[in-house]
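In: build the 3D model from these lines:
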Amino acid sequence: MSRCFNHDDSAKTGLSHVAIPWGASGAFDVPAVWLRDNCPCPACRVEATTEKRNLISQVPLGVAPLSVSRPDAETLVVDWGEHQSCYTRSWFDSLASNSFRRPSPKIWSGGHRLTTFEAAQFDSEDGSTTGALELIHTLATQGAALVRGVPSEPGESDRFISRWVPVREVAFGRVHDVFSNPAGYNIAHTSEALPPHNDMASYANPPSGQIIHMLVNESTGGESTLVDGWNIVEQLTEDEREVLASVSVPFRQFDSSIETWARRPLLRFDDWGNPIHFRYSNQLMQTLEPDHPRLGEFYQAYHRLTELLLTPDNQAVFRLDTGDLMLLDNHRVLHGRRAFRPQTGARHLQDVYFELEDLINHGEVLANRT
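Out: Have a look, this model is predicted:
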């Protein structure tokens with residue numbers, strides 16, 4: 001699932017192109033219009049912020065350089081006639097790195113044990129930055145992390161994440177309480193088992209980060225289940241991935257005063273074929289039209305997808321105890337629970353949402369301070 005920097009389709013477009021000598025497997029071509037559009041000089045970009053000054057419409061689509069030279073092994077100079085651009089090997093290397101500066105994911109299966117942190121290390125004067133960087137890296141690579149010893153007070157999940165990034169408030173509230181209440185508006189408020197799912201699937205753009213904080217857990221049963229969505233994607237066939245990424249299905253979550261609805265595919269990939277969003281909620285998914293042209297194909301893939309999510313070898317199972325706080329990549333990791341017996345003791349958790357890219361980008365800020 002790593003990005004390749006050797007692909008080029010400029011020959012198909014008829015555009016003039018320039019040979020770049022620093023590809024992973026040797027020289028490769030890029031369209032000249034791309035090279036001119038991305039000139040890194042101070043006249044074309046604001047150095048402090050990298051904001052672009054020039055507009056693509058100011059560059060002829062068929063632009064071609066007057067000359068290309070290499071004054072040294074690390075530099076490429078392109079003379080456009082009215083302008084001269086200088087590109088370095090390090091600049092090209094930076095473009096070939098992962099999008100959003102995320103490290104490569106570490107895919108896991110049912111034997112996975114969450115990396116665990118202690119809440120105290122995030123409050124200590126000498127260890128808070130180090131702990132935060134380790135936590136952010138774990139969440140970025142594994143999609144889940146566990147913090148023990150968090151005070152079992154309402155609102156602590158909000159306080160915990162707000163030290164770094166803003167909470168994303170959703171229509172159902174800033175901090176969401178989950179406890180056994182058969183009259184509640186969804187299955188989460190019962191003692192029934194919850195299959196693995198991503199929260200807020202009924203949002204066109206669901207929150208990418210989630211915190212689940214267990215305030216009290218005295219009930220028998222109710223073990224938490226996690227599934228790495230990227231592990232599931234790897235087990236699908238190419239045809240199954242294609243149909244699940246092509247067919248949009250409706251999701252709805254509502255109560256007497258709130259309505260949320262979105263129609264989106266279950267899977268989304270980037271331009272290089274890497275998965276970037278897994279959207280699955282058996283509870284919130286609505287009925288796909290009976291006259292949909294790909295109904296049969298979709299149901300074959302959807303059936304297999306659900307079988308994989310429920311396969312024990314794909315599920316990490318553990319108990320969230322009082323004071324445990326779990327952070328999740330809500331676009332990757334699916335969470336659920338086994339049934340529990342409310343008559344055996346209280347069970348109350350709170351969850352809040354945030355944007356994972358905010359946290360990862362904040363990690364860049366913290367790293368630059370050390």
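
In: Lys52 contacts Pro42, correct?
Out: No: counting by C-beta atoms under 8 Å, Lys52 does not reach Pro42; the two are 11.9 Å apart. Any C-beta I mention is one placed from the backbone N, CA and C, and that applies to glycine too.

In: neighbour count winner among those two?
Out: Lys52 (14 against 9; other C-beta atoms under 10 Å).

In: per-residue pLDDT, Asn6?
Out: On the pLDDT scale, Asn6 is placed at 42.

In: what comes up buried for stretch 237-248?
Out: For stretch 237-248, a neighbour-count test (16 or more other C-beta atoms under 10 Å) marks 240-241, 243-245, 247 as buried.

In: out of those, who's nearest Leu15?
Out: Of all the buried residues of stretch 237-248, Leu15 sits closest to Ala245, with 28.9 Å by C-beta to C-beta.

In: I'd assumed the closest one was in a helix, is it?
Out: Yes: according to DSSP: H, G, I helix; E, B strand; the rest coil, Ala245 belongs to a helix.

In: how near is it to Asp270?
Out: Separation of Ala245 from Asp270 (C-beta to C-beta, to the nearest Å): 11 Å.

In: Leu288 in helix, strand or coil?
Out: coil.

In: tell me what the residue lying closest to it once chain neighbours are set aside is bridged to.
Out: Spatial nearest neighbour of Leu288, excluding adjacent residues (C-beta to C-beta, 6 or more residues apart in numbering): Val249 at 5.4 Å. Beta-bridge partners recorded for Val249 (DSSP bridges): Arg264.

In: distance of Val249 from Tyr299?
Out: The value you get for Val249 to Tyr299, if C-beta to C-beta is used, is 11 Å.

In: between the two, who's got more neighbours?
Out: Using other C-beta under 10 Å as the criterion, Val249 and Tyr299 rank with Val249 on top: 21 against 14.

In: pretty sure the more buried one contacts Leu284?
Out: No: counting by C-beta under 8 Å, Val249 sits too far from Leu284 to count as a contact (10.2 Å).

In: tell me where the model's unsure across this structure.
Out: 1-14, 96-101, 125-127, 182-185 (pLDDT under 70).

In: just want the most central residue of it.
Out: Centroid check for the chain by C-alpha atoms, centre = their mean gives His331 as the closest residue, at 4.8 Å.

In: dump the residue contacts of that residue.
Out: If you count contacts by C-beta atoms under 8 Å, 6 or more residues apart in numbering, His331 has them with 198, 206, 208, 276-279, 356.

In: same deal with Ala120?
Out: Counting by C-beta under 8 Å, 6+ apart, Ala120 has contacts Gly149.

In: ok, it to Thr75 distance?
Out: Distance, Ala120 to Thr75, by C-beta to C-beta: 50 Å.

In: go on, Ser157?
Out: 50 Å.

In: ok, the two, which is more surrounded?
Out: Legend: neighbour count by other C-beta under 10 Å for Ser157 and Thr75, higher for Ser157 (28 against 14).

In: torsion angles phi and psi at that one?
Out: phi -60, psi -40 (degrees, to the nearest 10).

In: assign a three-state SS to the closest residue to it other than its chain neighbours, would you?
Out: The shortest distance from Ser157 to any non-neighbouring residue, by C-beta to C-beta, 6+ apart, is to His213 (3.9 Å). Using three-state DSSP, the secondary structure recorded for His213 is strand.

In: so what's His213 up against?
Out: 150, 156-157, 160, 324-326, 349-352.

In: please produce a markdown table containing the contacts of His331, extended by secondary structure and neighbour count.
Out: As requested, the contacts of His331 are exported to a markdown table (DSSP: H, G, I helix; E, B strand; the rest coil; neighbours: other C-beta atoms under 10 Å):
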| residue | secondary structure | neighbour count |
| --- | --- | --- |
| Asn198 | coil | 26 |
| Pro206 | coil | 23 |
| Ser208 | coil | 22 |
| Ile276 | strand | 14 |
| His277 | strand | 20 |
| Phe278 | strand | 26 |
| Arg279 | coil | 26 |
| Leu356 | helix | 25 |
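
In: Cys41 versus Thr50, what's the distance?
Out: From Thr50 to Cys41 the distance is 12 Å (C-beta to C-beta).

In: Arg264: neighbour count?
Out: 19.

In: let me fix that: Asp271
Out: If you count neighbours by other C-beta under 10 Å, Asp271 ends up with 8.

In: quick one, helices of the stretch 151-300 of the chain?
Out: Using DSSP state H, counting those that start in this stretch, the helices found in the stretch 151-300 of the chain span residues 156-162, 229-235, 238-246, 295-310.

In: distance to Val68 added to the ones you listed, as TSV?
Out: Shown next, in TSV, are the helices of the stretch 151-300 of the chain (distance: least, C-beta to C-beta, whole Å):
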stretch	distance to Val68
helix 156-162	49
helix 229-235	40
helix 238-246	39
helix 295-310	48
